[in-house]
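**Q** Sequence first, then the predicted structure, then my questions.
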Amino acid sequence: AKHQGKSSYALFTPEMTEVSHERLHMESHMRKALELNEFQLVFQPIVETSSGKLMATEALLRWNNPSLGTVMPDRFIPLAEETGLIIPIGEWVIQEACKAAQCWQALTGYDIGIAVNVSPRQFRDPGFTDIVLKALADSHLKPELLELEITERLILDNTIETADILRQLDAAGIRLSVDDFGTGYSALSYLKTYPFDTLKIDRSFIQDVLTDTDDSALVRAIINMAHSLGLTVIAEGVEEEAQTHFLKSEHCDYSQGYFYSRPLPEQEFIHWLENNHRA
Ligand code: C2E
Ligand code: CA
Ligand code: CA
Ligand code: CA
């Protein structure tokens, strides 16, 4: 009895009550956040490695809440996934991202791709394909300018539906990329069977590419493999000029990271692109 008492006490430590309280607090705020217009997209340039010119941009979500401050996605996306709120939030992201990209096209005359992150729960929602097609129709954005980023982990939960949805999106002309490539401990065979266009090499490989010969060998091998399969490669998390020299010499197609630009609010992004577009 004594033992039991002790363990049931351990289930209700003040710390745990605090954690679940914070969770509930965040959840109740999150339920109203769309209505209250608290979400914001910021945009990080993706540039051609050889020239440094803008090719596309990744839309990244921010949540500005008066009582929580600016909440970063790593803090709220998991909760949004658990509660299912990621479905309406994700729909908002896709709608806004397509509208923004169409607006830049009209403003500059250049085709600027937009990459959008898709989380597993969102991808498995039966309405997902329709949500994407509707966002394209509403915004009049060319489908080939929209790229959906899907993590390796999602692809590994290999189901018939995953393959079907990817094929439908591919058939609609939308581009598909594998995000965080190299972190999924995967068999690579899915690259052959699924219609991906792009591999994004995870930041963890790029970080030490100059000092760790294993990482440089892996990055080189990933680029060569991707090219032999007809895939485009993006290096993520490029922070230093020396890394860009390595990536250039290895013919990595595109790069993204703080060295080029942090994720920017839309107006600042428009300034950035006016100075860095492809012409
Ligand atoms: P991710 O898709 O891998 O996005 C790249 C993350 O790396 C971003 O963090 C970006 O700000 C950061 N980053 C970019 N360049 C550098 C660099 O040079 N150095 C370092 N240290 N970091 C860099 P962020 O914006 O905090 O997003 C974190 C993750 O949250 C994203 O990782 C993505 O998985 C998720 N996420 C963001 N927006 C959305 C969204 O709209 N929907 C979903 N489902 N997930 C999202
Ligand atoms: Ca991403
Ligand atoms: Ca494709
Ligand atoms: Ca990534």
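**A** Happy to help now that I have it. Ligands and ions are numbered 1, 2, ... in the order given.
**Q** in the chain, which helix has the most residues?
**A** As assigned by DSSP state H, the longest helix anywhere in the chain is helix 86-108.
**Q** That helix near ligand 1 anywhere?
**A** Yes. Remark: helix 86-108 sits within contact range of ligand 1 at Gly90, Val93, by CB under 6 Å from any ligand atom. Bear in mind the C-beta positions are built from the backbone N, C-alpha and C, glycine included.
**Q** I'd like to know which elements that helix is packed against.
**A** Using 3 or more CB pairs under 8 Å, 6 or more residues apart in numbering; DSSP states H and E, the elements in contact with helix 86-108 are strand 39-48, strand 54-65, helix 73-83, strand 113-118, helix 120-124, helix 128-139, strand 146-151, helix 266-276.
**Q** Could you give the number of residues near Asp215?
**A** Using other CB atoms under 10 Å, Asp215 is surrounded by 17 other residues.
**Q** would CSV of the helices and strands packed on helix 86-108 with mean neighbour count be doable?
**A** Below are the helices and strands packed on helix 86-108 laid out as CSV (neighbours: other CB atoms under 10 Å):
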stretch, mean neighbour count
strand 39-48, 21
strand 54-65, 21
helix 73-83, 16
strand 113-118, 22
helix 120-124, 19
helix 128-139, 17
strand 146-151, 22
helix 266-276, 15
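**Q** Dump these to TSV, plus distance to ligand 3 and mean pLDDT.
**A** Putting the helices and strands packed on helix 86-108 into TSV (distance: least, CB to the ion, whole Å; pLDDT from 0 to 100) gives the following:
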stretch	distance to ligand 3	mean pLDDT
strand 39-48	17	98
strand 54-65	15	97
helix 73-83	25	96
strand 113-118	13	98
helix 120-124	16	93
helix 128-139	14	98
strand 146-151	9	96
helix 266-276	25	91
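**Q** now Asp130: how far from ligand 4?
**A** To ligand 4, Asp130 is 26 Å away according to CB to the ion, to the nearest Å.
**Q** got it, and Gln40?
**A** Computed with CB to the ion, the distance linking Gln40 and ligand 4 is 20 Å.
**Q** hang on, the earlier thing: please save the CA atoms from the longest helix of the chain in PDB.
**A** What follows is helix 86-108, C-alpha atoms only, in PDB (Å, rounded to 0.1, in the frame of the first residue of the first chain):
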ATOM      1  CA  ILE A  86      -3.400  21.300 -38.100                       C
ATOM      2  CA  ILE A  87      -6.000  20.500 -40.700                       C
ATOM      3  CA  PRO A  88      -7.700  24.000 -40.700                       C
ATOM      4  CA  ILE A  89      -4.400  25.700 -39.900                       C
ATOM      5  CA  GLY A  90      -2.700  23.800 -42.700                       C
ATOM      6  CA  GLU A  91      -5.400  24.800 -45.100                       C
ATOM      7  CA  TRP A  92      -4.900  28.400 -44.200                       C
ATOM      8  CA  VAL A  93      -1.200  28.000 -44.900                       C
ATOM      9  CA  ILE A  94      -1.700  26.500 -48.300                       C
ATOM     10  CA  GLN A  95      -4.300  29.200 -49.200                       C
ATOM     11  CA  GLU A  96      -2.100  32.100 -48.100                       C
ATOM     12  CA  ALA A  97       1.100  30.600 -49.600                       C
ATOM     13  CA  CYS A  98      -0.600  30.200 -53.000                       C
ATOM     14  CA  LYS A  99      -2.100  33.700 -52.900                       C
ATOM     15  CA  ALA A 100       1.300  35.200 -51.900                       C
ATOM     16  CA  ALA A 101       3.200  33.500 -54.700                       C
ATOM     17  CA  GLN A 102       0.600  34.500 -57.300                       C
ATOM     18  CA  CYS A 103       0.900  38.100 -56.100                       C
ATOM     19  CA  TRP A 104       4.700  38.100 -56.500                       C
ATOM     20  CA  GLN A 105       4.400  36.700 -60.000                       C
ATOM     21  CA  ALA A 106       2.000  39.500 -60.900                       C
ATOM     22  CA  LEU A 107       4.300  42.100 -59.200                       C
ATOM     23  CA  THR A 108       7.600  41.000 -60.700                       C
END
